[in-house]
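Novice: quick one: sequence plus predicted model below, questions after.
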Amino acid sequence: MEVNRSDGRDDWININQGQKLWKADHCQGISSKQFFRIYSILFSMRVLITGADGMLGSNLVRLLIERGHTVSVLIHPSSRSLTLENLRITKYLGDILKPATLISAVGGIDVVIHAAASTRIWPARSETVRRINIEGTRNVIEAAIKCNIKRFIYVGSGASVKQNGDSSGRHISPGPGYGLDYIESKYEALKLVLDAVATRGLPALAILPTFMIGPYDSLPGSGRMIQTYAQGKIRFHTNGGKNFIHVKDVATAIANSLEMGRIGAYYITGNENMTYRDFFRRVARIAGKPETKIHIPDWLMKTFGLLGSIYGKLFDREPLLTYQAAKLACVRQYVDDDSAVEELGMPRTDIDAAIRECYDWFVENGYLNNHKS
């Protein structure tokens, strides 16, 4: 996939000047956070976020407000959006699968951050997941082009692309999909964005987070690992592992990409590669729980998962463990990519801090009863 960057779209003054000024000699000695706070006062932007009621969106909204931007959010009518209460934002009710509901939200906006997605992995094959992640992304792209927005930031998944590949966006390869429409659809959506850059001049880049941990995980999503371990429901570990990152680091990378980053590129935002055993050891220390000592071999984990998938299909109920989830638990989804640090000024916070903030938020908001922070 070839991306032509000669259309001049990347010459938008707020983006190019921001990156150049931060690197200029007279800006040395101040942090990127200090710089962008000053810069945003001078060049405040109107930003729309889809999927803002998720963990990442809830952290991102707060950061953009702190930086002085005018923030709007597109919320599905069924969303309770509890993590967005009492914030200085404009809320639009809409559905990314209904294009007519998008134009009023996107009109007059400088930057669209498209983070809305379905992350469901049961059932493994789901037309609903594919429609939300692919068709929904296509609809948001069309609205952004129609409204002539100045930058489009797509939030994908680090698992959707081949690791250590060509992040320029010109050539991308799918990661192992593990038989999950969620992962495969996020790759297809990323291709839609990069194709729109190449063929229609969409001024877009993509942020592909790894496994995010942090506060405001109201679903809960990734933080469920911490919640269930603290509740004593996880008593074993597998051979697998993930790349973990503090959700606030990803939010910072996205906020910085309003002014920084290359049109047509994607950035895998990751931090620390860690086995599940090591991760649970850290959770145990923070939650005051005993460490897990039981190791489950791959063959047994996959057997449990296969039985779970069979149960789910027979009784049309989501099982506790599916075969696809079991396979994921047995592999090490590690990442080695510094492009977001080098080009977007992304920090890398210690994962213990992310676990602590997630755990404390759960305690403070009633997700973990009879626990003390």
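Specialist: Received it, and whenever you're ready, just let me know what you need.
Novice: any low-confidence regions in this protein?
Specialist: Low-confidence regions of the chain, defined by pLDDT under 70, span residues 1-42, 163-177, 370-373.
Novice: for it, which helix extends over the most residues?
Specialist: In the chain, assigned by DSSP state H, the helix with the most residues is helix 181-200.
Novice: now do that one: distance to the chain's middle.
Specialist: Taking the mean of its C-alpha atoms, helix 181-200 sits 15 Å from the chain's own mean (C-alpha atoms, centre = their mean, to the nearest Å).
Novice: and what of stretch 145-157?
Specialist: Distance, centroid of stretch 145-157 to centroid of chain: 15 Å (C-alpha atoms, centre = their mean).
Novice: same question, stretch 138-155
Specialist: Here the centre of stretch 138-155 is set off from its chain's centre by 18 Å, with C-alpha atoms, centre = their mean.
Novice: let's see it as CSV, backbone CA atoms only.
Specialist: Once non-C-alpha atoms are left out, stretch 138-155 reads as follows in CSV (Å, rounded to 0.1, in the frame of the first residue of the first chain):
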residue,chain,number,x,y,z
ARG,A,138,-15.8,4.0,7.0
ASN,A,139,-18.8,6.2,8.0
VAL,A,140,-16.6,8.3,10.3
ILE,A,141,-14.0,8.7,7.5
GLU,A,142,-16.7,9.8,5.1
ALA,A,143,-18.1,12.4,7.6
ALA,A,144,-14.5,13.7,8.3
ILE,A,145,-13.8,14.1,4.5
LYS,A,146,-17.2,15.8,3.9
CYS,A,147,-16.6,18.3,6.7
ASN,A,148,-13.0,18.9,5.7
ILE,A,149,-11.4,18.2,9.0
LYS,A,150,-7.7,19.1,9.5
ARG,A,151,-6.6,15.8,11.2
PHE,A,152,-8.0,12.4,11.7
ILE,A,153,-6.6,10.1,14.4
TYR,A,154,-7.7,6.5,14.3
VAL,A,155,-7.3,4.4,17.4
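Novice: in that stretch, which residues are buried?
Specialist: Of the residues in stretch 138-155, those with enough neighbours to count as buried (16 or more other C-beta atoms under 10 Å) are 138-145, 147, 149-155. Just so you know, the C-beta spots here come from the backbone N, C-alpha and C atoms, and that holds for glycine as well.
Novice: so which of those residues are in strands?
Specialist: Helix and strand membership here follows DSSP state E; of these, those in strands are 151, 152, 153, 154, 155.
Novice: which one of these is nearest to residue 86?
Specialist: Comparing those against residue 86 with C-beta to C-beta picks out residue 155 as the nearest, at 24.3 Å.
Novice: show me what that closest one bridges to in the sheet.
Specialist: With beta bridges defined as DSSP bridges, residue 155 has these partners: residue 207.
Novice: how close does it sit to residue 134?
Specialist: Using C-beta to C-beta, to the nearest Å, we find residue 155 at a distance of 15 Å from residue 134.
Novice: quick one on the thing from earlier: Serialize the ones in strands among the buried residues of stretch 138-155 to JSON lines and add fields for distance to residue 319.
Specialist: As requested, these are exported to JSON lines (distance: C-beta to C-beta, whole Å):
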{"residue": "151", "distance to residue 319": "42"}
{"residue": "152", "distance to residue 319": "38"}
{"residue": "153", "distance to residue 319": "35"}
{"residue": "154", "distance to residue 319": "32"}
{"residue": "155", "distance to residue 319": "28"}
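Novice: let me see the ranges of the strands in this protein.
Specialist: Using DSSP E, the strands found in the chain span residues 46-50, 70-75, 89-93, 111-114, 151-155, 204-209, 211-213, 236-237, 241-246, 266-269, 272-275, 294-295, 332-333.
Novice: check contacts around the most centrally placed residue in the chain.
Specialist: The residue lying closest to the centre of the chain (C-alpha atoms, centre = their mean) is residue 209, at 4.7 Å. Residues in contact with residue 209 (C-beta atoms under 8 Å, 6 or more residues apart in numbering) are 56, 155, 157, 158, 245, 250, 268, 269, 270.
Novice: and for the last one, the neighbour number?
Specialist: Residue crowding around residue 270 was assessed by other C-beta atoms under 10 Å; the count is 29.
Novice: same question for the fourth one.
Specialist: Number of residues near residue 158 (other C-beta under 10 Å) recorded here: 26.
Novice: wait, isn't it in contact with residue 206?
Specialist: No: shown here, residue 158 and residue 206 do not form a contact pair, counting by C-beta atoms under 8 Å, at 10.6 Å.
Novice: between the two, what contacts are shared?
Specialist: Common neighbours of residue 158 and residue 206, using C-beta under 8 Å, 6+ apart, do not exist here.
Novice: test my guess that residue 282 contacts residue 355.
Specialist: Yes: at 5.7 Å, residue 282 and residue 355 qualify as touching, with contact defined as C-beta under 8 Å.
Novice: quick one, which of those two is more surrounded?
Specialist: Remark: of residue 282 and residue 355, residue 355 carries more neighbours, 24 against 19, as counted by other C-beta under 10 Å.
Novice: so what's the more buried one up against?
Specialist: Contact partners of residue 355, counting by C-beta under 8 Å, 6+ apart, are 213, 226, 282, 283, 286.
Novice: want to throw those residues into TSV with distance to residue 101?
Specialist: Putting the contacts of residue 355 into TSV (distance: C-beta to C-beta, whole Å) gives the following:
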residue	distance to residue 101
213	32
226	35
282	42
283	40
286	42
